[in-house]
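# just to be clear, the model below is a prediction. Sequence and coordinates:
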Amino acid sequence: MKRLIAATVLFILVITAYFTAYISIKNACEQANILLEDCVSAYDKNGNGKQEAEKLEKLWSEKENLLSFFANHQSIDDIELAIYTLLDYSDTNENEIFYEYSGTVKTLLHQLMEDTRPGIHSIF
């Protein structure tokens, strides 16, 4: 009976930790996507999305430590690198490169959310 109680408690802890991680990652990615869309919109309007790109970089810097606890470090680093590159091109006339990296950031954020989607395989 003691083993069953211990196993149940551990199971509940694992499930709780997993869903906490999922909610944290989902919220961070949704906020980043909103700021990314604002950056692209500002770039479309006046060719300068630097202010919004700086907001995106600041958000990601704040969330990075928490996300690194829950997600693969390589994924977090890839997103960070793409955001920094997007920031570099957010006030230039290099339209193709800016849009390429905005798409890269969006894809990497989507991939991070998909990788943490609840499922039997990802929980256990």
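Everything's here; your move.

# determine the set of other helices and strands touching the longest helix that the chain contains.
As assigned by DSSP state H, the longest helix anywhere in the chain is helix 2-46. Contacts defined by 3 or more CB pairs under 8 Å, 6 or more residues apart in numbering; DSSP states H and E place helix 2-46 against helix 50-70, helix 95-115, helix 120-123. In this view, the C-beta of every residue, glycine as well, is placed from N, C-alpha and C.

# quick one: closest of these to residue 4.
Closest approach to residue 4 among the helices and strands packed on helix 2-46 (CB to CB): helix 120-123, 19.8 Å.

# tell me the mean pLDDT for that closest one?
Over the span of helix 120-123, the pLDDT mean works out to 58.

# one more: stretch 58-69?
88.

# may I see the buried residues of it?
When burial is assessed from 16 or more other CB atoms under 10 Å, stretch 58-69 yields the following buried residues: 59, 60, 63, 64, 67.
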